[in-house]
Each structure stands twice: as C-alpha cells, then as structure tokens.
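*Asks:* give the three-dimensional model of this entry:
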Amino acid sequence: MRFTYSSIQTRQEAGVLFATLDAGPLNLLGVELVRDLVSLVDVLYTDPGDVRVVVESASPEFFSAHVDLTAVPQYTAEAAKAGGPGDASLGMFLHKLAHVPVITIAKVRGRARGGGNELVLACDMIFAARENAIFGQFESGTGALPGAGGVQHLARRLGRARAIEVITGADDFDAELAERYGWINRAMPDAELDGFVERLAKRIAGFPPEGVKAAKRAINSLTLPDQANVRSDSTMFLGLVGLPETRERLDYLASRGLHTPGELERDLGKAVAEFR
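*Replies:* As a prediction, the model looks like this:
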C-alpha cells in the first residue's frame, strides 16, 4: 500500500503502519486533517493488507487540540465522504474508524481534547506519556457536549458517575488519572512509550490475522455504541454550538487565543471555567 497525505506522515515497518498527525502545532481536526484521515481509513477498509496501525503526533505538545471550531461545516462535509450525506458528521466517521478491520493503537504525547480525544477513543488501544499527556472533553464548558463519540465511549469505559464528572466538569485529566479511570490502557514514562507501542504492534502483526480480526469484531459487538446513538450526539452538538450562549463563550475563548498555540490552549480545561 502507498499512503501520501499532506497532513499525515506515514511509514511502514514489519507489518505496522505508523501514521503521524502533522497538521500544524495544534493538529486541529479541520478540513485538511479530516480529509486525509477519511482517505486513510478508506484504504484500510478496501485494501488493508496485513498491517497494524499506530496513530501518533508530530507535535510534542498537542496530539490533537480539538476540532477547528471555525470550520465545522467544512470538516463535516469532508467527514461525510466516509459514509455519504446521511452520515455527515465527524462522529459517524470516527464510528467507522472504530470498526476498521485492522488493530489501531493511539500513542499520545501532549494534549488530546474534544474531537482530538474522540479520535483517540476511536482507536482500539491508547498508551500515553506519563509526563505530558493530557485528556479532556471541554465542550460542556462552552455550552455544548461531545458530539463525535466522546459521550458514548467514556460512559462505557468509565461508568456513569465518572463519565458525568469528566464531561460536565470539562476539566483536563493527566495520563495517570486517565489510566486509573480506565480512559486509557496505560500511562508510562515518555522514554519507554515508543519502544513499548512498537513492540506490541509488531507482536500482534506476527499473529495469524484472521484470529486477530475475529477477536476485534467480537469485542466491538459487545462494547461499541449503535450508530443511532452516535448520530444523536452529533445532532445535539451541531444544535448546541449554534446557540447564542455557546457562541458567546466560544467567541470569548477565541479572543483569548483559542485555535492558537499558547497559554489558553495549553490550559484549556482551566480556561473554560474562567468566562466572565
């Protein structure tokens, strides 16, 4: 397989495809990155070969900060290409990613918030650097809710009470706490992260593929949300981000540096509670 994208670097080694998000310092889920992710996932469905996929980031501070909130209709149109106009949402695209017939592993350094965290949650496994990985769903702090699978995945992984804490509290969680909550597989020292994930991916790549695929399908059938639930969350998100109060809060955050590398994006979990 050949992979050529403008916002994703790729390399293949010993049955593992390393896909490195490289869409600027924040890795915003905008038009370009969503377009490339849709293309990558399409190849993994139509001509997957025998690979395992590791998703990582070229940015040391941001795995993916969140969606590009200035381009919601545009990136939604790109996401729709994964399933057609009836499934025109980032959530339905990430639902398709979760079902892709290969094993996917997210390797997280830096911040994975909002849609960036939902991208991570759509992968089969998540491993993170203890020193600098941050996870969060900040949408409730602006008057919205996670609209691309965050509600569905976190409720299943964390349980009801902790999912409510995470989503309505809209705060940041470091890797150790995320591990304790069941959000991610493991937090480990940054120096060990690359080697561990590579060994695991290559180990799985060495096993007979049909058994691995069958195991994933069986587990997916027990744990992943129905399409109707994902569609419902997406519809609610699109309605909420258009409300005046939500727009006011997003405009306030934009005036302080949202979508720009800097203090606000580094501490977004804190910033959403400082509206005045």
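
*Asks:* what's the closest non-adjacent residue to A205?
*Replies:* Counting by CB to CB, 6 or more residues apart in numbering, G15 is the residue found nearest to A205 once chain neighbours are left out, at 3.2 Å. For the C-beta atoms, the positions are set from N, CA and C on the backbone; glycine is no exception.

*Asks:* contact partners for that neighbour?
*Replies:* D50, V51, R52, K202, A205, G206 (CB atoms under 8 Å, 6 or more residues apart in numbering).

*Asks:* which of the residues you listed are buried? Put it as a ChimeraX command.
*Replies:* Selecting just the buried residues from the contacts of G15 in ChimeraX takes one command, with 16 or more other CB atoms under 10 Å as the test:
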select :51,52,205
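
*Asks:* can you give me the helices in the stretch 51-200 of the chain?
*Replies:* 72-80, 90-98, 115-121, 150-158, 160-169, 175-181, 190-205 (DSSP state H, counting those that start in this stretch).

*Asks:* could these be laid out in a markdown table, adding mean pLDDT and distance to P244?
*Replies:* Written out in a markdown table, the entries for these read as follows (pLDDT from 0 to 100; distance: least, CB to CB, whole Å):
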| stretch | mean pLDDT | distance to P244 |
| --- | --- | --- |
| helix 72-80 | 89 | 16 |
| helix 90-98 | 94 | 23 |
| helix 115-121 | 97 | 23 |
| helix 150-158 | 97 | 23 |
| helix 160-169 | 98 | 21 |
| helix 175-181 | 98 | 33 |
| helix 190-205 | 95 | 42 |
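
*Asks:* which of those helices sits closest to V31?
*Replies:* Taking CB to CB as the criterion, helix 72-80 is the member of the helices of the stretch 51-200 of the chain that comes nearest to V31, at 4.8 Å.

*Asks:* tell me the helices and strands packed up against that closest one.
*Replies:* Under the contact definition 3 or more CB pairs under 8 Å, 6 or more residues apart in numbering; DSSP states H and E, helix 72-80 sits against helix 31-46, helix 90-98.

*Asks:* winner for burial among these?
*Replies:* Each of these was assessed for mean neighbour count using mean count of other CB atoms under 10 Å. The highest is helix 90-98, with a mean of 26.

*Asks:* got the angle for it vs helix 72-80?
*Replies:* Angle of helix 90-98 versus helix 72-80, following axes from the mean of the first three to the mean of the last three CA atoms, to 10 degrees, is 30 degrees.

*Asks:* what's the closest non-adjacent residue to R157?
*Replies:* With CB to CB, 6+ apart, the residue lying closest to R157 is G182, at 5.0 Å.
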